[in-house]
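> have a look; sequence and predicted model below, questions after that.
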Amino acid sequence: MPKLTIDDQEIEVESGTVIIQAAERLGIEIPRFCYHERLAIAGNCRMCLVEVSPGPPKPQASCALPCSDGMVVKTNTPMVKKAREGVMEFLLINHPLDCPICDQGGECDLQDQAMAYGTGISRYKEHKRSVEDKYMGPIVKTEMTRCIHCTRCIRFATEIAGVPELGAFGRGEHMEVGTYVEKALSSELSGNLVDLCPVGALTSRPYAFAARPWDLTKTETIDVLDAVGSNIRVDSRGEAVLRILPRVNEDINEEWISDKTRHACDGLRVQRLDRPYIRGNDGKLKEASWEDALALVAKKMREFKPNEIAALSGNLACAESVMALRDVLDSLGIASRDCRQDGAMFDTSNRANYLFNTTIAGIEQADVIILIGANPRKEAALVNARIRKAYLGGGLNIYSVGSADNFNYPVHQLGNDPRILSDIALGNHQLANILAEAKNPVIIVGTAALARADGVAIFSVAKFIAEKYGVIKDGWNGFNILHHAAGRVGALDLGFVPAEGGRNIAEIFTGCASGEVKMVYLLGADEFDMGLLGNAFVVYQGSHGDDGAHRADVIFPGATYTEKEATYVNMEGRVQRTKRAVFPVGQAKEDWKVVRALSDSLASSLTYNSVEQLRVRMEQAAPHFARIGEIIHVQPEVGIQKPKTLMTSEPFDDFILNFYMTDPISRASKTMAECTKTSNSLARKAA
């Protein structure tokens, strides 16, 4: 390990570490534009020049120079200062004076470094060049005259997103960054280009000219539009959420977020339910008071027998509301309930059966991955990015049993017949030997494999393969369920599944059709055909006027994830909490408070009156809810026998057809509608 000195501070680093990385460990700031710790080194901008000895008597780029033993580095000598001033002068030669109207203003690396390292004067008298803007889709707005050719966007698109659609053409002053053939970017991560751009060349199209950074209230919270649990920052002004940015969390989303996480926020205040409604005798929903709506629902719940009432929890339901609703149901003896509105069936008796046990960061240790009815690009874009990162690290082979798609990394497509799994289980497939020889094999089972009539059989065979071929072993659990719903794992942890004698979701629908189930309580459940509820009396509690609200007989308006402090559990089983950025609209209330008020109307009051007391109750039901932000490794159940139920030859379908519209919030978003239109257009052209 080389030992070197930087500004009179000695440090020992790993071989291959470059000077700029070593300086960061010592807390020494070296300016940069092109260098980014998660991207390949380009050495374009030359802003990170330092003086190195022994070596040539000239400044050298610290981002591209590996550390060596005995090296002495100076970052603040007159030579370095003059070199940085010269580089800054060159960068500003053609940069337009757009700061007053640039959306990057106040957050611009070029502004900051011009102040810190520039000369304050310009000797350039010629006309500045002008570059035509490029179209990159509904997310990214371009002002290419501002581009300083750092190539961060090109490297991100190629390396992280896996869509090599950006590049540089031309030379010298005529160099431009673009898509060669003008088209929208076909990546679910394209919004991250705006964060990476150190100047205002790439800005957010939906956020254009909306606000300045100092106008905004910043709230650190988490995303709930998929099951990844990405750490985010919500920027709001007044009652409106104006933008969402990523926060760094190395274990979950690193510093990236998906386009849906970032830009569906304009749907937070559209098509909102802001007051209770009751369906009148004429079949139309009419405004009502909270007292009348609660009294009507309580009256219906007392009229019907417990076995005639059912409840379904939706994809965005927080753990607090699920816990409160379960306690109310238990107090009334109602056993029919389910949180798996997509119909996914699997064993919930052991927590390890429904978690992403490898963890998202643990994917990087895998050497073999098998996707079973899973499309991580659409179901969990950040998991897909992590798989690509592991592939680029070398030594990872990825296999898929399911429908073929472009995952942005090479995949060995084994076919779309579920019976392939039986061949693997019996050892009659080449993949059996590959699994047995792998050091850290991973199986990822998607919802498309579980939400079928033979879903239980597929789950059991996948678990059998995992146990037989060492996917589950001491110190390693490579068996994973790929959830897509933020509220799913928390609801499973809290037991929002059929109690003894209760109906699961399929049986609830059957009961509604036969008239045996006369009342259904929907806690934000929208993702199924409402016609399956038959003539049942439907109560919908949620934030948006989506399918559930259109079918409901009574509507309770709820709060979105930016309007409440709530607990969610991501696919890994990591407990995290949202923080309130803005207040609920109109008369909408936090969901657990609505259920608490309903319990009073039922004369079966819950024992908790505050969210703190409710969380104590949650910890009693599932102790890991007290461990915020931690991964609690669960001992897997072993000894599952190969099921007697046979799998059919019916191929796996794509579970998510439209990545951009998977929940009431994103379906209400104008930006997501534009992304959907663009995505469909790209698909038609590709076909």
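All right, it came through fine.

> show me where the stretch 451-600 of the chain has strands.
472-473, 476-477, 479-482, 519-523, 537-542, 554-557, 567-569, 575-577 (DSSP state E, counting those that start in this stretch).

> now render those as CSV, adding mean pLDDT, mean neighbour count and distance to residue 413.
For every residue, glycine as well, the C-beta is placed using N, CA and C. As requested, those are exported to CSV (pLDDT from 0 to 100; neighbours: other CB atoms under 10 Å; distance: least, CB to CB, whole Å):
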stretch, mean pLDDT, mean neighbour count, distance to residue 413
strand 472-473, 92, 18, 25
strand 476-477, 94, 20, 26
strand 479-482, 97, 26, 18
strand 519-523, 98, 27, 38
strand 537-542, 98, 25, 39
strand 554-557, 98, 26, 45
strand 567-569, 98, 25, 32
strand 575-577, 97, 21, 35
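
> how about the helices in the stretch 401-550 of the chain?
Ranges of helices within the stretch 401-550 of the chain are 420-426, 430-437, 447-450, 455-468, 488-493, 505-514, 547-551, based on DSSP state H, counting those that start in this stretch.

> could you do the stretch 1-150 of the chain as well?
19-25, 78-93, 109-117.

> so what's the gap between the last one and the chain middle?
What that stands for is helix 109-117. Centroid separation for helix 109-117 versus its chain: 33 Å, with CA atoms, centre = their mean, to the nearest Å.

> dump the C-alpha coordinates for stretch 95-104 into PDB.
Extracted in PDB, the C-alpha atoms of stretch 95-104 (Å, rounded to 0.1, in the frame of the first residue of the first chain):
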ATOM      1  CA  HIS A  95     -20.200  30.000 -21.100                       C
ATOM      2  CA  PRO A  96     -23.200  32.300 -21.400                       C
ATOM      3  CA  LEU A  97     -24.100  34.900 -18.800                       C
ATOM      4  CA  ASP A  98     -27.400  33.100 -17.900                       C
ATOM      5  CA  CYS A  99     -27.100  32.900 -14.200                       C
ATOM      6  CA  PRO A 100     -30.100  35.100 -13.500                       C
ATOM      7  CA  ILE A 101     -32.400  32.900 -15.500                       C
ATOM      8  CA  CYS A 102     -30.700  29.500 -15.100                       C
ATOM      9  CA  ASP A 103     -32.400  26.900 -13.000                       C
ATOM     10  CA  GLN A 104     -29.000  25.700 -11.700                       C
END
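
> where does pLDDT dip in this protein?
In the predicted model of the chain, residues 640-645, 687 satisfy pLDDT under 70.

> mind redoing it with 80?
604, 637-646, 685-687 (pLDDT under 80).

> looking at the strands of the stretch 451-600 of the chain, which is closest to residue 584?
Closest to residue 584 of these is strand 554-557 (CB to CB; 7.8 Å).

> dump that closest one to CSV, restricted to CA.
Provided in CSV are the C-alpha atoms of strand 554-557 (Å, rounded to 0.1, in the frame of the first residue of the first chain):
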residue,chain,number,x,y,z
VAL,A,554,-68.2,5.9,1.4
ILE,A,555,-64.9,7.7,1.0
PHE,A,556,-62.6,8.7,3.8
PRO,A,557,-59.9,11.2,2.5
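
> start at 17 instead
In the new count, where the first residue is 17, that last one comes out as strand 570-573.

> pull the residues that contact it.
Under the contact criterion CB atoms under 8 Å, 6 or more residues apart in numbering, strand 570-573 has outside partners 288-295, 301, 309, 312-313, 554-559, 565, 600-605, 610.

> same list, the strands of the stretch 467-616 of the chain, but as JSON lines with distance to residue 464 please.
Formatted as JSON lines, the strands of the stretch 467-616 of the chain follow (distance: least, CB to CB, whole Å):
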{"stretch": "strand 488-489", "distance to residue 464": "22"}
{"stretch": "strand 492-493", "distance to residue 464": "22"}
{"stretch": "strand 495-498", "distance to residue 464": "10"}
{"stretch": "strand 535-539", "distance to residue 464": "24"}
{"stretch": "strand 553-558", "distance to residue 464": "25"}
{"stretch": "strand 570-573", "distance to residue 464": "31"}
{"stretch": "strand 583-585", "distance to residue 464": "22"}
{"stretch": "strand 591-593", "distance to residue 464": "26"}
